[in-house]
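Q: Quick check, what structure comes out for this input:
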Amino acid sequence: MFGVTRFLGEDIAKKVECGIKAVSCLFQYLTSKATPNPQNLFHSFFRHKKMPTLRQHIIDLLSNQEMDARQLSGQLGVQEKEVVEHLAHISRSLAAKGRKLVIQPSECLQCGYVFKDRKRFTRPGRCPQCKKSHLKNPAFYIR
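A: Got it, this is the predicted structure:
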């Protein structure tokens, strides 16, 4: 692969190598005596590549910057509700590794009340002091 890398560049050489592996897997599959199973074919093509999970994407994003659930959902292309569910699991996973998911609390934009004791990952419905629902979303980051 050294010769290919020198002429094509490292990125293209990696793509060529992946293509060669895929063709090799396809040839092995087609020449085998096994009963055809499309799922096995798919896994044999992509078994050499590990795709990060949604939670790993969230951890990467929150390690680099502070974001709220809406920003995360927009970045990842999933519903805000699903992001909130993942945050609870991520919090426990990080605690086991000695890291922490920090919650920047919601704040009422009308009177300035801060929800500092709130442990939930969701946005509160309304302010307990002024009863308005004009609130800043909680933000999260990993420390």
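Q: confidence score at residue 16?
A: Looking at residue 16, its pLDDT is 64.
Q: nope, residue 61 is what I meant
A: 93.
Q: Go ahead and confirm it touches residue 73.
A: No: Residue 61 lies out of contact with residue 73 (C-beta atoms under 8 Å); the separation is 11.1 Å. Glycine gets a C-beta too; all of them are placed from N, C-alpha and C.
Q: did I read that right, residue 70 in a helix?
A: Yes: with DSSP: H, G, I helix; E, B strand; the rest coil as the criterion, residue 70 is part of a helix.
Q: What's the separation between it and residue 79?
A: The gap separating residue 70 from residue 79 is 10 Å, by C-beta to C-beta, to the nearest Å.
Q: okay, now the closest residue to residue 68 other than its chain neighbours: neighbour count?
A: Among residues not flanking residue 68 along the chain, residue 137 sits closest, at 4.1 Å (C-beta to C-beta, 6 or more residues apart in numbering). Using other C-beta atoms under 10 Å, residue 137 has 17 other residues around it.
Q: Residue 94 is in contact with residue 100, isn't it?
A: Yes: taking contacts as C-beta under 8 Å, residue 94 lies within contact range of residue 100: 6.1 Å.
Q: out of the two, which sits in the busier spot?
A: Each of residue 94 and residue 100 has its neighbours counted (other C-beta under 10 Å); residue 94 has more, 18 against 12.
Q: Wait, a strand at that one?
A: No: with three-state DSSP as the criterion, residue 94 is helix rather than part of a strand.
Q: ok, it - contacts?
A: If you count contacts by C-beta atoms under 8 Å, 6 or more residues apart in numbering, residue 94 has them with 59, 100, 101, 142.
Q: which two from those end up farthest apart in space?
A: 59 and 100 (12.0 Å; C-beta to C-beta).
Q: what's the overlap in contacts for those two?
A: 94, 142.
Q: which residues sit in contact with the closest residue to residue 135 other than its chain neighbours?
A: Using C-beta to C-beta, 6+ apart and skipping the chain neighbours, the partner closest in space to residue 135 is residue 106 (5.2 Å). Going by C-beta under 8 Å, 6+ apart, residue 106 touches 114, 115, 118, 123, 124, 135, 136, 137, 138.
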